[in-house]
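Student: Sharing a model that was predicted from the sequence below.
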Amino acid sequence: MMKRILWITTGGTIASMPSDDGLVPQLTSQELLGLFGGIDGDYEVQAYDLFDLDSSNIQPEEWRMIAQCIADKYRDYDGIVLTHGTDTMAYTASMLSYLLRDLPVPVVFTGSQMPIQEPLSDAMGNLRCAFAMATSGVPGVYVAFDRKIILGTRAVKVRTTAFDAFESVNCPCAAVVNAKGLQLEVIPRRPRIPFRQVDPFCDRVFLIKLIPGFDPKVFDMLLQMDYKGVVIEAFGAGGLHFIRRDLISQLEKLVDHGVAVVVCSQCLYERCDFSLYQTGRKALEKGVIQTYDMTTEAVVTKLMWALGVSDSLTQVREMFATDYVGEVTL
């Protein structure tokens, strides 16, 4: 019996065509399915147009739409493939990893660096890998790109034009595709409870990348703008300056006002550890939450999700001390 796959399209380079303003997503799901071709004997595919956007325009409102669309439709399918622009794919895949963490079927994101109609496009190969993972029977949210299957919370776009645009950061690939076919490298976790509904989330989260001389008074503005969470990309293993420009005291002020302050590293690889240096220990003493080896995309979206589930800083801290979907090594 052929596996039933739902193919949800959201636009992106894979569906783009040239225009006077540059590449613009234009191809419908049926047009993409017609161009993909040659899969009629392998899968029973239902194509569905959700929206048609450059991924730079995919924001929290679209994340809700994608998650709810999948929640409404998954029961009729063995797996779901979702085509999406590459620029913000890691953010969307991370958020859906949390929102759909107990979904019993695979959800696989893919796209391409060149439009599908280009003769040298990488679209066909990426789609075939995505469909293979979608029929694997292994639940979870993944990114399929350049013959790698990456956990949704570990995928990071690291190249702008090369076909190997994504890497699995601080975690082995979930699977690879080689001459033996789809080879599972790690066994992702199974759902703990039956999937019920999409969790709410809070999009009032701000991301800051520290530079030497950063003025901590910026945080006063964030308080006035009613942000509920702040993510800081700190230096190295967890460096935050406190001489002359006292960042630590300002972070304490944020925490005292009920703002969740979460800190990760600007370094892409390996883990941050705030217990190593004086600067990091001072931050931990003030209630800052550290994130170990998580990607920035996974940190930002996890904080949005956690703040949607609870406005208790104690519970948010507990959620960051828990690995839900392979997002962190504890």
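Tutor: Great, that's in hand. The structure presented is a predicted model; accordingly, all values stated were derived computationally and were not measured. Residues are numbered from 1 along each chain as shown.

Student: just checking, next helix/strand downstream of the longest strand belonging to the chain?
Tutor: In the chain, taking DSSP state E as the definition, the longest strand is strand 43-53. Going down the chain from strand 43-53, the next helix or strand is helix 60-73, by DSSP states H and E.

Student: And that following helix, how far out from the chain middle?
Tutor: Centroid separation for helix 60-73 versus its chain: 14 Å, with CA atoms, centre = their mean, to the nearest Å.

Student: From the contact counts, what lies against whichever helix or strand comes after it?
Tutor: As assigned by DSSP H and E, the chain's next helix or strand after helix 60-73 is strand 79-83. On a contact count with 3 or more CB pairs under 8 Å, 6 or more residues apart in numbering; DSSP states H and E, strand 79-83 meets strand 3-11, helix 60-73, strand 106-110, helix 123-134. To be clear about C-beta, it is placed using only N, CA and C from the backbone, and glycine gets the same treatment.

Student: quick one: L276 from A237, how far?
Tutor: Distance of L276 to A237, computed by CB to CB, to the nearest Å: 5 Å.

Student: tell me the angle of the longest strand of the chain relative to helix 123-134?
Tutor: 120 degrees (axes from the mean of the first three to the mean of the last three CA atoms, to 10 degrees).

Student: partners of strand 43-53, with directions?
Tutor: Counting by DSSP bridges, the strands paired with strand 43-53 are strand 3-11 (parallel).

Student: Next secondary structure after the partner strand?
Tutor: Next element after strand 3-11 (DSSP H and E): strand 16-17.

Student: got a list of what the residue nearest the centre of the chain touches?
Tutor: Nearest to the geometric centre of the chain sits S94, at 2.4 Å (CA atoms, centre = their mean). Each residue near S94 by CB atoms under 8 Å, 6 or more residues apart in numbering is listed here: 152-153, 155, 295, 297-298, 300-302, 327.

Student: Now go through those residues and say which are in strands.
Tutor: Those of those lying in strands (DSSP E): A155.

Student: out of the contacts of S94, which one sits closest to L184?
Tutor: The shortest separation between L184 and any of the contacts of S94 is 15.8 Å, and it belongs to G152 (by CB to CB).

Student: any idea how far that closest one is from E62?
Tutor: According to CB to CB, G152 and E62 sit 16 Å apart.

Student: So which of those two has more stuff around it?
Tutor: Neighbour comparison, G152 and E62: the larger count goes to G152, with 30 against 19 (by other CB atoms under 10 Å).

Student: Quick check: the more buried one touching V141?
Tutor: Yes. Contact criterion CB atoms under 8 Å: G152 and V141 qualify, at 3.6 Å.

Student: intersection of neighbour lists for those two?
Tutor: Both G152 and V141 are in contact with 93, 96-97, 107, 109, 325, where contact means CB under 8 Å, 6+ apart.

Student: from the residues you listed, which single one is nearest Q197?
Tutor: Nearest to Q197 among the shared contacts of G152 and V141, counting by CB to CB, is L96 at 13.9 Å.

Student: Return the residues in contact with the closest one.
Tutor: Shown in contact with L96 (CB under 8 Å, 6+ apart): 63, 66-67, 70, 107, 141, 152.

Student: Mind telling me what element it is part of?
Tutor: Element membership of L96, judged by DSSP H and E, is helix 89-99.
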